[in-house]
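Participant: Turn this into a structure:
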Amino acid sequence: MWSVESAADSAAACGALWELLADPSGWTRWNPTVASVEFDGLVAEGASGVFKPRRGPRVKIVIRDVRVGHGFTTVSQMPGAKATPARSARSPPRSRYWWGS
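Facilitator: Residues are numbered from 1 along each chain as shown. Got it, this is the predicted structure:
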């Protein structure tokens, strides 16, 4: 099994980062690796939608492990693989967007 992590620091408040993370319909506006997202509503436990990365197939995603104001995990099943990347907005000393799988 392999894993990957990425993080970016921001001067924005953690709450502002959470607002971006919690609205899947806006992911394409700030994440250049996302081609499209079909999702009804905001991030909530068990909510689902369709995610299309710029490189890769469309996959159904299910939201799990929601920590309102902080983060969540998306679960997607692909041929031969299951992806479970976690996303979070972290505070002090600076806000940080963290993504890991």
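
Participant: Name the next helix or strand downstream of the longest helix seen in the chain, please.
Facilitator: Counting by DSSP state H, the longest helix found in the chain is helix 14-21. Using DSSP states H and E, the helix or strand that follows helix 14-21 towards the C-terminus is helix 27-30.

Participant: can you map out the strands along the chain?
Facilitator: Secondary structure of the chain (DSSP state E): strands at 5-10, 34-39, 48-53, 59-67, 71-78, 81-83, 86-90, 95-100.

Participant: Switch these over to JSON lines; also include distance to residue 17, mean neighbour count and mean pLDDT.
Facilitator: (C-beta placed from N, C-alpha, C; glycine too.) Shown next, in JSON lines, are the strands of the chain (distance: least, CB to CB, whole Å; neighbours: other CB atoms under 10 Å; pLDDT from 0 to 100):
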{"stretch": "strand 5-10", "distance to residue 17": "6", "mean neighbour count": "11", "mean pLDDT": "74"}
{"stretch": "strand 34-39", "distance to residue 17": "16", "mean neighbour count": "16", "mean pLDDT": "93"}
{"stretch": "strand 48-53", "distance to residue 17": "19", "mean neighbour count": "16", "mean pLDDT": "92"}
{"stretch": "strand 59-67", "distance to residue 17": "13", "mean neighbour count": "16", "mean pLDDT": "91"}
{"stretch": "strand 71-78", "distance to residue 17": "10", "mean neighbour count": "18", "mean pLDDT": "84"}
{"stretch": "strand 81-83", "distance to residue 17": "22", "mean neighbour count": "11", "mean pLDDT": "73"}
{"stretch": "strand 86-90", "distance to residue 17": "4", "mean neighbour count": "19", "mean pLDDT": "70"}
{"stretch": "strand 95-100", "distance to residue 17": "5", "mean neighbour count": "17", "mean pLDDT": "54"}
